[in-house]
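*Asks:* Give me the fold of what follows.
(2 chains)
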Amino acid sequence: MEALLIPFLDATIRTATPLAYAALGEVVTERSGVINIGLEGIIIAGCLGGLIAAGAGGPTVGFLGGALAGLLMAALFALFVLRLKADAIITGTALTLLGLGLTGTLYRGVFGLEGAALSTPSIAPIALPGLSSLPLVGPVFFTQTVMTYLLYLLVPLLAWWLARTHTGLALRAIGESRTAAHAAGIAVDRIRWGAILFGGVMGGLCGATLVLAQVGTFTEGMSAGRGFIAIAIVVLGRWRVVGTALAALLFGGAFALQYLLQAAGWALPYQLFLALPYLLTLVLLAALRGRAEAPAELASHEG
Amino acid sequence: MTEALLALWDGAFGSSYAIWSATLVRSAPLLLLGLGVALAFRAGVLNIGAEGQFLMGAISATAIAQSMGSMGGAVPRIVVIPMMALVGALAGASWAGIAAWVRQRFGVLEVISTIMLNFIALASISWMVRGPLQEPTRIYPQSAEIPGPAQWPFLIPGQRLHLGFVIGLLACGIAWVVLTRTAIGFRIRAVGASPSAATSAGGIAVAGTVLRVFLVSGACAGLAGAAEVGGVTWALYEGISPGYGYTAIAVALLARLHPGWIIVSAIFFGALEAGASAMQRDAGIPSVVVQVIVALVILGVLAGSQRRVIAGAATLGAEARR
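*Replies:* Take a look at the predicted model:
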């Protein structure tokens, strides 16, 4: 049993890591009262940005490239939604299509029509001295990549920032009532720009992590709905930082289940497991209807 | 650059073959898909699941064509083709119905549910072509060719334009009349413009209207899937749609959600798809560039029109989604 359990849990953490980056970014965006449905486009931009930058300057530069690509996409979204007052849902949909199309075009443009897989510099897991030799917990939580460890630091930091700092409070105030926040002298649009751009950087990091720490290469459309899944994770995590991180684990598990059940030799068609994360998203969103925890300003977009 | 544009033009309009066997053949699914998306948007339903509904229509039409072919004796064309269309439309409507149901019963944003259903439809087709519908030798991940009577007739000898294109044109015509000249059309537009006003001033049952439009929208997409199998591919395989369902969103928005303009905009994007394939072949420019153009068209429409200008006014605004 343990022979299956440890690889499964290890894969859970590994697949949950990029999801957590995207979802935590979306938490901040949504707490400011804006839903960014274009997260999918941001993630795939982060994938390609990460790949190209890593090819030029190694993995560290790769993560910066992924973050930058996500930032640019989010800036486009913010420009349309905040400046041009375009509908956030349609803009987000267009952003997703733009991301998928642009990355496909650029990838084939840069790497040829066949998209010949190049050797991507990827990062390997690092066993943390001491901690990694703990039974069960060690190989699962402390034999991961740097990006997972950064997350261990980021989650409490972000939770503290949102709950305790002046800017975090202002952000939440905008999400509850834009007009009241404005009346209280908060620079609504400036903070929303910040929240959307932060979501973009995190979405970009999600993409870069996917390429550089999980899959090891780029394929067209490899984001495979993770942007939309991340939005469901935020709902499941009740728009809270720690809750969202835990919800990401659940979805990481849904992705990782493929490996476990295949290894266990189940006779079910593997497509069932491919569909599982999407089914889970649908079911959970339906089960969690009418959550009072949602930022009030989102109400215009949440059913 | 010039070479690429020339290849694009030649591939789309350069010869009678390009027009009748490439551009218009690519436009056929876009007519029905674009119409389905436009109808939904008109009623404030952001159905971006046309891709999945198309795939479910294609799967079901293949299944019915194969089973009627193996029934023994020749089931005539006049029976098989309408059955494929019907079954395809029903499958598309049912797939959309899931999203309509979780929206109305559980308040799940249809943008997310329809996208999730797209991925589930992809997994379904992947399973179908390796399982129940796989060709008899079980080597290739695709279905066997559908039997002769299930292959939709071509319209012009020597060209590949098929019956599905005419059905698409008819559907746009019917939708035009219904939307502008009938009480049903008025209700759809009213619900899209403002659900609260439609209820209080118009006495319109919003939920019922939304549900019916969602189903019709899915039926259009499912029918497009059936027409693609019957008229173009004659078999089911995973890559049967090069993202038609997503292009349809741009088709609908560029047409300002108007059924008449859908025809123009579907042919425009059909030409773009056809031209892009030629461009990839002749000038080495990847054909996914179409997706970039699709996205830019949507953003352009958004930037060029403040939300109120787009037909259906608050259709695309917030109120419609409450």
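*Asks:* In the stretch 51-200 of chain A, what residue comes closest to chain B?
*Replies:* At 2.6 Å from chain B, A:G101 is the closest residue in the stretch 51-200 of chain A, using C-beta to the nearest C-beta. Using the backbone N, CA and C atoms, a C-beta is placed for each residue, glycine as well.
*Asks:* Let me see the contact set for the nearest residue to that residue once chain neighbours are set aside.
*Replies:* What sits nearest to A:G101 in space, not counting adjacent residues and going by C-beta to C-beta, 6 or more residues apart in numbering or on different chains, is B:Q291, at 2.6 Å. Shown in contact with B:Q291 (C-beta atoms under 8 Å, 6 or more residues apart in numbering or on different chains): A:L97, A:L98, A:L100, A:G101, A:L102, A:G104, A:T105, B:G243, B:Y246, B:T247.
*Asks:* most surrounded residue in those residues?
*Replies:* Neighbour counts for the contacts of B:Q291 (other C-beta atoms under 10 Å in any protein chain shown) peak at B:T247, which has 30 neighbours.
*Asks:* The strand or helix carrying that residue and chain A, are they touching?
*Replies:* Using DSSP states H and E, B:T247 maps to helix B:244-254. Yes - looking at helix B:244-254 against chain A by C-beta under 8 Å from any C-beta of the partner chain, the contacts come from B:Y246, B:I249, B:A250, B:L253.
*Asks:* And for the last one, the neighbour number?
*Replies:* One way to gauge burial is a neighbour count; for B:L253, by other C-beta under 10 Å, it gives 27.
*Asks:* which residues touch it?
*Replies:* A:I90, B:F41, B:V297, B:I298, B:V301, B:I310.
*Asks:* For the stretch 201-303 of chain A, which segments are assigned as helices?
*Replies:* A:226-236, A:241-263, A:270-287 (DSSP state H, counting those that start in this stretch).
*Asks:* Go through the ones you listed and pick out the most buried.
*Replies:* Highest mean neighbour count among those (mean count of other C-beta atoms under 10 Å in any protein chain shown): helix A:226-236, with a mean of 28.
*Asks:* Tell me which other helices or strands the helix or strand containing B:F269 touches.
*Replies:* Per DSSP H and E: B:F269 is located in helix B:259-283. Under the contact definition 3 or more C-beta pairs under 8 Å, 6 or more residues apart in numbering or on different chains; DSSP states H and E, helix B:259-283 sits against helix B:2-13, helix B:24-42, helix B:163-181, helix B:244-254, helix B:289-304.
*Asks:* Report the angle between it and helix B:244-254.
*Replies:* Helix B:259-283 runs at 130 degrees relative to helix B:244-254, counting by axes from the mean of the first three to the mean of the last three C-alpha atoms, to 10 degrees.
*Asks:* So for the residue of the stretch 51-200 of chain A closest to chain B, what pLDDT did the model give?
*Replies:* Note for A:G101: predicted pLDDT of 85.
*Asks:* starting at the chain centroid, how far to the helix or strand harbouring it?
*Replies:* Using DSSP H and E, A:G101 sits within helix A:88-111. Relative to the centre of its chain, helix A:88-111 is centred 17 Å away, using C-alpha atoms, centre = their mean, to the nearest Å.
*Asks:* partner strands of the helix or strand just after that helix, parallel or antiparallel?
*Replies:* The helix or strand immediately downstream of helix A:88-111 is strand A:126-127, counting by DSSP H and E. In its sheet, strand A:126-127 lies beside strand A:143-144 (antiparallel), with partners assigned from DSSP bridges.
*Asks:* Would you mind listing where the stretch 51-200 of chain B has pLDDT under the threshold?
*Replies:* Across the stretch 51-200 of chain B, the ranges flagged by pLDDT under 70 are B:72-73.
*Asks:* what about the helices in it?
*Replies:* B:77-106, B:110-128, B:163-181, B:183-193, B:195-200.
*Asks:* out of these, nearest to A:G204?
*Replies:* helix B:110-128 (20.3 Å; C-beta to C-beta).
*Asks:* Return the set of buried residues in the closest one.
*Replies:* Residues of helix B:110-128 classed as buried: B:110-128 (neighbour count, 16 or more other C-beta atoms under 10 Å in any protein chain shown).
*Asks:* now the angle between helix A:226-236 and it, please.
*Replies:* Using the same axes, to 10 degrees: helix B:110-128 against helix A:226-236 is 120 degrees.
*Asks:* Is chain A within reach of helix B:110-128?
*Replies:* Yes - residues of helix B:110-128 contacting chain A under C-beta under 8 Å from any C-beta: B:V111, B:I112, B:S113, B:I115, B:M116, B:L117, B:F119, B:I120, B:A123, B:S124, B:S126, B:W127.
*Asks:* The second one and A:I233 touch, don't they?
*Replies:* No - here B:I112 does not reach A:I233: they are 11.5 Å apart, not a contact under C-beta atoms under 8 Å.
*Asks:* which residue does the stretch 101-250 of chain B bring closest to chain A?
*Replies:* Closest point on the stretch 101-250 of chain B to chain A, by C-beta to the nearest C-beta, is B:G107, at 3.2 Å.
*Asks:* How about the stretch 201-322 of chain B?
*Replies:* B:Q291 (2.6 Å).
*Asks:* confidence score at that residue?
*Replies:* pLDDT recorded at B:Q291 is 78.
*Asks:* How about A:D87?
*Replies:* A:D87 is given a pLDDT of 83.
*Asks:* what's the spacing between A:H182 and A:G194?
*Replies:* 16 Å (C-beta to C-beta, to the nearest Å).
*Asks:* Settle it for me: which of the two has more neighbours?
*Replies:* Taking neighbours as other C-beta under 10 Å, A:H182 and A:G194 compare with A:G194 leading, 17 against 14.
*Asks:* so is that one in a helix, a strand, or just coil?
*Replies:* helix (DSSP: H, G, I helix; E, B strand; the rest coil).
*Asks:* can you check the one 4 residues further on too?
*Replies:* For A:F198, the secondary-structure state derived from three-state DSSP is helix.
*Asks:* give the contact list for it.
*Replies:* Counting by C-beta under 8 Å, 6+ apart, A:F198 touches A:G25, A:V28, A:T29.
*Asks:* Any chance of those in TSV with distance to B:G202 as columns?
*Replies:* As requested, these are exported to TSV (distance: C-beta to C-beta, whole Å):
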residue	distance to B:G202
A:G25	42
A:V28	40
A:T29	36
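*Asks:* any idea which of these has the most stuff around it?
*Replies:* The member of the contacts of A:F198 that has the most neighbours, counting by other C-beta under 10 Å, is A:G25 with 32 neighbours.
*Asks:* Which elements pack onto the longest helix along chain A?
*Replies:* Longest helix in chain A, counting residues (DSSP state H): helix A:39-78. Contacts defined by 3+ C-beta pairs under 8 Å, 6+ apart place helix A:39-78 against helix A:2-31, helix A:88-111, helix A:188-209, helix A:226-236.
*Asks:* re earlier: got the helices of the stretch 201-303 of chain A as CSV, with mean pLDDT and distance to B:D10 columns?
*Replies:* As requested, the helices of the stretch 201-303 of chain A are exported to CSV (pLDDT from 0 to 100; distance: least, C-beta to C-beta, whole Å):
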stretch, mean pLDDT, distance to B:D10
helix A:226-236, 91, 37
helix A:241-263, 88, 44
helix A:270-287, 88, 39
